[in-house]
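**Student:** sequence and predicted structure below; questions after.
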Amino acid sequence: MAEYSFREIEKKWQAYWQNQGTFLAEVNPEKPKFYTLDMFPYPSGAGLHVGHPLGYIASDIVARFKKLKGFNVLHPMGYDSFGLPAEQYAIQTGQHPAITTEENITRYTEQLKNIGFAFDWTREVRTSDPSYYKWTQWIFMQLFNSYYDLEAEKALSIESLISRFEDEGNSKVKAVCDEDTQAFEAASWKAFTEKEKQEILLKYRLTFLAETSVNWCAALGTVLSNDEVKDGFSERGGHPVERKKMMQWSMRITAYADRLLQGLEKLDWSEPIKEMQRNWIGKSIGAEVVFEVKGSDKTIKVFTTRVDTIYGVTYLALAPESELAAELITEDQRPTAEAYIEVAKNRSERERMSDVKTISGAFTGAYAINPFNGEEIQIWVADYVLAGYGTGAVMAVPAHDERDYNFAKHFNLEIRQVIDGSMENGSFPGKGGLIINSGMISGMYMKDAMLKAIEFLEEKGIGKGKIQYRMRDAIFTRQRYWGEPLPVYFNDGLPYLIDESDLPLILPEVDKYLPTEDGEPPLGRAKDWTYKTSEGEFPLEKSTMPGWAGSSWYFFRYMDPKNDFVFAAKDNTDYWGAVDLYIGGSEHATGHLLYSRFWTKFLFDLGVVSIDEPFQKMINQGMIQGRSNFVYRVFPKIIVQTDDENLQIKWPQVFISKGKRDKTLDQTISEEEKSEILDLVNSTFKKSNPGVEFEPLKTIQLSDIHVDVNIVHNDQLNLDKFKAWRPDLADAKFILEDGKYHCGAEVEKMSKSKYNVVSPDDIIERHGADTLRLYEMFLGPLEQFKPWNTNGIDGVFKFLRKLWNLYHTPTGDFAVSDAEPSKEEFKALHKAIKKMEEDMTHFSFNTSVSSFMICVNELSSLKCNKCGILEPLAILVSPYAPHIAEELWSLLGHPESITRTGFPEFKEEYLVESNFEYPVMINGKMRAKLDLSLSLSVPEIEKAALEDAHVQKWLEGKAPKKVIIVPGKIVNLVV
């Protein structure tokens, strides 16, 4: 008897795929390619929970479907294996992060293989593998040796820039560089020392070393990104974080800002993700204005998109991090202003942007001069001004900007209207409006006023028209151990690249994974961390690359993962091209996705790849949320009457089932039920504390306690497993309903602390990987957030057994007939084929699962066992439930994997109805039904109706006075 033995079936086919190399991908110009990719995971110690595979299952379904459709599919998997958690574990335990990472990867790989993914595991990459990060270091070196030419609109070699400097200096060079870059002639360049030349080149290089404001966490000994800081503390560990200036490596991503913006238009991404990138890049067209500081040789540069409102400026505001702010504070304002700056500068930019309700600031005591009208205006420090945007200074126009208005109202500063229109509680006229109270530009509209103001700025040499981007250059170093070493050494304080032949620069061994005693990064502990050249031995860079380095190009390495000579052969990158489908979380919208696009455009400029966008189509899967379960403990608020301070009281642990808990809360519980609960608490207390006098409990108070969802089934608690899980509650008493303890439930984030993490291993052990795959897709649309609820998983498992039973007799024997399928059977199959093809176009995986269930139900009702139906049905479900499909395909007599066949062809003819069941209405009431061919003419329909025995009975021998026939709808007779 052949039962659906899913454990044996799944192990069998997973071994087959691996041994046969079923999913190996090779370049094949004869076939169209399809490259599907998941955002590769960081291998954490906890392993996968059921939320992690959601996107992987979706991409796997697409990969298998495309393979059936004749595509050459590349579907790889790897690990983003550098990361802080492994390093923190190393600090705590002394175990090398490589060992921890290897253990975690082994666990992840085992779990992924158990789910039956069609990954080409021979292409696995790990960002912490030296054979991989050799090429991350190589890309860094290419960036260091390049600059961005604005005329060519691409990156060019630094050598070509040096040639131009030698020929003509830099006055004619249009390139992205530091704003403080000084002009020089060719003769001056030739006269510069080597150190001076290298310092100038650093102002142009696409990766460069410069002093930068960073989030410094002393406890972790490293710089943190804005995403890793919350309320002035590190997200991991809750350690204090301060803003400070440090020498850091940065990537000049701003050089690509406009191309990154324009490139979004050709991508098939969701509009919200595109908009997040547009906002992050933040292109603004405006002007830079220079304000002199009264009584000082200092000046303040301000970028504004509304220079036409310059006459409405009533104060300037500087970012708390601004060095100028500290320099401008007068003695009478020093205590207040410095105290404010110390607090404000340590709040992350993200916090300050999101906290619009808190208004804070401090007056510096200094004044600036408005260059248009000579007015003196106060200079303030305010945390709504960000050092990372524009110049870190704002010219405040309170009448026409909401932030400025709120600040001015709070500190009682002047609000001056310069745009005509109503001023209702500081209303802010938009882009239109007539300029008033504004000297030379009064009476003009915005566009003309801006042009006139910019003309004045440039004529007087006090400003210029300018395009500004919110995006800042990306900090590229972390003071950590577990990351890629930078291939850089220092000579006379300046950075130089190691020789390319010395790559990879291997991460050295250290005695501890902490910063050194004098505050250097952990690599400062390495012995002989130096680089030898013909000129001597020099110190190597001690910081490592950030977490996003290895993930910014991994999609190329999958194309040629074993190549030791280039990061990926050009033939391979030309063939596979852009990722056709990329699936991952939306939390990476402004990090990983931007950096990957930046590096791809740079590699395109180098000519080593033929695409300038890495991900053509992207889907952001929603999160599977946890479904927590609760038990309800009666709070034993018992008053004990004793003078013995050392008396050890054993408090009763009594739990009531959810139904009784609900009645208690809404006060519908009966006196009998209430007495049952109180009596149990009191009697348990008395029994556990013999001889102790106490005042019996008279009221019921409850506390909700999370319980491990893995010991709950259909919201019913397994009491034995509960007591084993919580030995401290082994003697607990339970008040049941119908002999069962019913738990409460609530949808929350999946978290170990809430005991609602469900491991895919447990689901696979109980129901199988195919059940898990189908169920995750069945939960709802891929992009939506949805709760995990094991209550519905039994239905999916039963569906698979029902599918299995179609191919077997009731006694379990495999029995498929070669008989010709009926019209109804063809119709059931082809409805499902059509639906799946439509769903794959829209990535509507959940509705395909529903269509499979409908199809199997219909075929079961028809008692179908025809090979002409069941063979294509196995192919149809194979992308979703590959193990059972492979087994059925094998039983049907096919020696090769089901993945080697083609997808069933949909035929519309099977869905075209040939007959229709006409309702026959006689004097307004339906008296009969006639199953007639749709090809019949109206006279033929009338003849068939009048000759029908049931109709003749109701006509009683009379001829109808009127006959109304609507073909394909109704027959209406009036007698």
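**Tutor:** Perfect, I can see it now. Numbering: from 1, shown residues only.
**Student:** ok, longest helix in the protein?
**Tutor:** Longest helix in the chain by number of residues (criterion: DSSP state H): helix 823-842.
**Student:** the helix or strand just after that helix - contacts with which helices or strands?
**Tutor:** Next along the chain after helix 823-842, taking DSSP states H and E as the criterion, comes helix 845-861. Applying 3 or more C-beta pairs under 8 Å, 6 or more residues apart in numbering; DSSP states H and E, one finds that helix 845-861 contacts helix 769-778, helix 793-806, helix 823-842, helix 867-877. Using the backbone N, CA and C atoms, a C-beta is placed for each residue, glycine as well.
**Student:** hang on, the earlier thing: next, the buried residues of the longest helix of the chain.
**Tutor:** Buried residues in helix 823-842, defined by neighbour count with 16 or more other C-beta atoms under 10 Å: 825-837, 839-840.
**Student:** one more: stretch 313-327?
**Tutor:** 313-322, 324-326.
**Student:** so which of those residues are in strands?
**Tutor:** 315-318 (DSSP state E).
**Student:** can you redo those as a markdown table with pLDDT and distance to I506?
**Tutor:** Below are those laid out as a markdown table (pLDDT from 0 to 100; distance: C-beta to C-beta, whole Å):
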| residue | pLDDT | distance to I506 |
| --- | --- | --- |
| Y315 | 97 | 55 |
| L316 | 97 | 51 |
| A317 | 96 | 49 |
| L318 | 96 | 45 |
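**Student:** what's the average pLDDT for stretch 76-95?
**Tutor:** On average, the pLDDT along stretch 76-95 is 91.
**Student:** how far does it stretch from one end to the other?
**Tutor:** Terminal residues of stretch 76-95 are spaced 30 Å apart (C-alpha to C-alpha, to the nearest Å).
**Student:** do stretch 292-311 as well
**Tutor:** For stretch 292-311, the end-to-end distance is 16 Å (C-alpha to C-alpha).
**Student:** coming back round to it: can you add mean pLDDT and distance to D178 and give the helices and strands packed on helix 845-861 back as JSON lines?
**Tutor:** JSON lines is the format used below for these (pLDDT from 0 to 100; distance: least, C-beta to C-beta, whole Å):
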{"stretch": "helix 769-778", "mean pLDDT": "97", "distance to D178": "50"}
{"stretch": "helix 793-806", "mean pLDDT": "96", "distance to D178": "59"}
{"stretch": "helix 823-842", "mean pLDDT": "96", "distance to D178": "48"}
{"stretch": "helix 867-877", "mean pLDDT": "98", "distance to D178": "60"}
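**Student:** so, low pLDDT: which residues of this protein?
**Tutor:** 1, 226-227, 231, 236, 388, 422-432 (pLDDT under 70).
**Student:** just give me the closest of the buried residues of stretch 313-327 to T533.
**Tutor:** E321 (38.0 Å; C-beta to C-beta).
**Student:** the closest one contacts A393, correct?
**Tutor:** No: using C-beta atoms under 8 Å, E321 makes no contact with A393, being 11.4 Å away.
**Student:** burial count for the residue nearest to G584 when sequence neighbours are not counted?
**Tutor:** Distances taken as C-beta to C-beta, 6 or more residues apart in numbering put M39 closest to G584, at 3.0 Å, once the chain neighbours are dropped. When neighbours are counted by other C-beta atoms under 10 Å, M39 registers 23.
**Student:** just the strands in the stretch 601-750 of the chain please.
**Tutor:** 618-620, 624-634, 639-641, 654-656, 693-695, 702-707, 712-713, 716-717, 733-735, 744-748 (DSSP state E, counting those that start in this stretch).
**Student:** for these, could you give me TSV that also reports mean neighbour count and distance to K962?
**Tutor:** Shown next, in TSV, are the strands of the stretch 601-750 of the chain (neighbours: other C-beta atoms under 10 Å; distance: least, C-beta to C-beta, whole Å):
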stretch	mean neighbour count	distance to K962
strand 618-620	21	59
strand 624-634	23	62
strand 639-641	10	90
strand 654-656	26	71
strand 693-695	12	89
strand 702-707	16	71
strand 712-713	21	64
strand 716-717	20	64
strand 733-735	17	72
strand 744-748	16	61
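**Student:** before we move on, the earlier item: ok, now how distant is the residue nearest to G584 from P895?
**Tutor:** Per C-beta to C-beta, to the nearest Å, M39 is found 37 Å from P895.
**Student:** quick one, what contacts the residue positioned nearest the centre of the chain?
**Tutor:** For the chain, G585 is the residue whose C-alpha lies nearest the centre (C-alpha atoms, centre = their mean; 2.0 Å). The contact partners of G585, taken as C-beta atoms under 8 Å, 6 or more residues apart in numbering, are 39, 55, 620-621, 623.
**Student:** now do 7 Å
**Tutor:** For G585, the contact set (C-beta atoms under 7 Å, 6 or more residues apart in numbering) comprises 39, 620-621.
**Student:** which SS state does H410 fall under?
**Tutor:** Secondary structure for H410, judged by DSSP: H, G, I helix; E, B strand; the rest coil, is helix.
**Student:** just give the nearest non-adjacent residue to it, would you?
**Tutor:** I359 (4.5 Å).
**Student:** now do N563
**Tutor:** A569 (6.0 Å).
**Student:** shouldn't the one you found be in contact with K562?
**Tutor:** No: in this structure A569 lies outside contact range of K562 using C-beta atoms under 7 Å: 10.5 Å.
**Student:** those two: which is more packed in?
**Tutor:** A569 (15 against 8).
**Student:** quickly note the distance from the more buried one to W576.
**Tutor:** From A569 to W576 the distance is 11 Å (C-beta to C-beta).
**Student:** ok, now G780?
**Tutor:** Distance from G780 to W576, by C-beta to C-beta: 32 Å.
**Student:** which one of those two has more residues nearby?
**Tutor:** More neighbours surround W576 than the other of G780 and W576, with 23 against 15 (other C-beta under 10 Å).
**Student:** what sits against the more buried one?
**Tutor:** So W576 contacts 33, 35, 74, 559 (C-beta under 7 Å, 6+ apart).
**Student:** how about the nearest residue to the last one once chain neighbours are set aside, phi and psi?
**Tutor:** Nearest in space to M559, with sequence neighbours left out and distances taken as C-beta to C-beta, 6+ apart, is N572 at 4.3 Å. Main-chain dihedrals, N572, degrees, to the nearest 10: phi -70, psi -50.
**Student:** show me the contacts for N572.
**Tutor:** By C-beta under 7 Å, 6+ apart, the neighbours of N572 are 27, 559-560.
**Student:** F208 and M247 touch, don't they?
**Tutor:** No: applying C-beta under 7 Å as the test, F208 and M247 come out as separate, 10.8 Å apart.
**Student:** so between the two, which is more surrounded?
**Tutor:** F208 (22 against 11).
**Student:** contact partners for the more buried one?
**Tutor:** When contacts are taken as C-beta under 7 Å, 6+ apart, F208 is in contact with 202, 250, 252.
**Student:** which residues touch the closest residue in space to the last one that isn't next to it in sequence?
**Tutor:** With C-beta to C-beta, 6+ apart as the measure, L206 is the residue that lies nearest to R252, at 4.7 Å, once sequence neighbours are left out. With C-beta under 7 Å, 6+ apart as the criterion, the residues that contact L206 are 143, 146-148, 155, 251-252, 255.
**Student:** partners of E288 in the sheet?
**Tutor:** Under the criterion DSSP bridges, E288 forms beta bridges with F303, K464.
**Student:** can you tell me how far V692 sits from N646?
**Tutor:** 13 Å.
**Student:** which of these two has more neighbours?
**Tutor:** A count of neighbours by other C-beta under 10 Å puts V692 above the other of V692 and N646, at 16 against 4.
**Student:** which parts of the stretch 501-650 of the chain are helices?
**Tutor:** 554-557, 570-576, 592-606 (DSSP state H, counting those that start in this stretch).
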